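K.L.:
how would this look folded up:
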Amino acid sequence: MRLSDGNLRGRTIIAADGQVIGDISGLFFDNETWRIDAVQVELRKETADLLGAARSMFRAGSLDIPIGMIQSVGTTVVLSVRSDDLRPVLASEDQQVPAS
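P.N.:
Here you go, the predicted structure:
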């Protein structure tokens, strides 16, 4: 199946344990292979709180989920990992130094 970024944005992400994580808000491409390597997810409030993601009243928490954690794509996107297994992904994002 061939999908555009417009078709993927807004799709709901569900973890392997059935918990709704949030919605796709963006895609990240590898600049050498031009393949998608991660999806940016705007987290639901409950998930952001569960994972300890930074958020505010005016900005939802977000998480970049590697493509390897995606099991299937249909009307929703299903992950191959449980919601608790996303904590290390968030922790690795927090440790990255922003590019200058």
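K.L.:
Which elements pack onto the longest strand seen in the chain?
P.N.:
Counting residues, the longest strand found in the chain (DSSP state E) is strand 20-29. Here strand 20-29 touches helix 5-8, strand 12-14, strand 36-43, helix 45-51, strand 62-66, going by 3 or more CB pairs under 8 Å, 6 or more residues apart in numbering; DSSP states H and E. All C-beta spots, glycine's among them, are computed from the backbone N, C-alpha and C.
K.L.:
Walk me through which strands the longest one pairs with, and which way each runs.
P.N.:
In other words, strand 36-43. When pairs are called by DSSP bridges, strand 36-43 turns out to pair with strand 20-29 (antiparallel), strand 62-66 (antiparallel).
K.L.:
I'd like the ones you listed as JSON lines, with distance to Leu3 and mean neighbour count appended.
P.N.:
Output for those, formatted as JSON lines (distance: least, CB to CB, whole Å; neighbours: other CB atoms under 10 Å):
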{"stretch": "strand 20-29", "distance to Leu3": "10", "mean neighbour count": "17"}
{"stretch": "strand 62-66", "distance to Leu3": "16", "mean neighbour count": "19"}
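K.L.:
Please name whichever of the ones you listed is nearest to Ser56.
P.N.:
Closest of these to Ser56 is strand 62-66, at 11.8 Å (criterion: CB to CB).
K.L.:
Cheers, nothing more for now.
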